[in-house]
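Participant: Below: sequence and its predicted model.
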Amino acid sequence: MSFVVLAIGLVLCVEGLVIALAPSRLDEALELLRRIPVETRRMLGLAALAAGVVMVWAAKSMGI
């Protein structure tokens with residue numbers, strides 16, 4: 001359970017940094033995302049999810 005809390009905390013730190021340091025760039029990135037078709041966004045999300053699962057699995061396998 002502490003591993004999940006750590007992971008969520010790290011994601012929030014990175015997201016907070018992006019919003020704090022470059023809010024206008026975030027607006028531009030969101031506008032670009034709106035232009036991408038829904039199916040493409042869904043596939044990108046699934047690819048990111050798969051990459052995250054593989055990274056967590058690899059980290060646990062290494063004993064991290």
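Facilitator: In hand now; what should we look at? Small disclaimer: the values here were computed from a predicted structure and weren't measured. Residues are numbered from 1 along each chain as shown.
Participant: List phi and psi for residue 36.
Facilitator: phi -80, psi 140 (degrees, to the nearest 10).
Participant: Count the residues that sit near it.
Facilitator: Neighbourhood size, residue 36 [other CB atoms under 10 Å]: 12. Heads up, the C-betas are built off the backbone N, CA and C, glycines and all.
Participant: Can you give me the distance of it to residue 44?
Facilitator: 8 Å (CB to CB, to the nearest Å).
Participant: so where is the chain shaky, pLDDT-wise?
Facilitator: Within the chain, the segments meeting pLDDT under 70 span 64.
Participant: Determine the longest helix present in it.
Facilitator: Looking across the chain with DSSP state H, the single longest helix is helix 38-61.
Participant: How about residues contacting that one?
Facilitator: Helix 38-61 is contacted by residues 7, 33, 36 when judged by CB atoms under 8 Å, 6 or more residues apart in numbering.
Participant: Pull up the gap between the residue nearest to the first one when sequence neighbours are not counted and residue 13, please.
Facilitator: Of all residues beyond its chain neighbours, the one nearest residue 7 is residue 56 (7.5 Å), with distances taken as CB to CB, 6 or more residues apart in numbering. Plainly put, residue 56 is 17 Å away from residue 13 if you go by CB to CB.
Participant: quick one: which of the two has more around it?
Facilitator: Each of residue 56 and residue 13 has its neighbours counted (other CB under 10 Å); residue 56 has more, 14 against 10.
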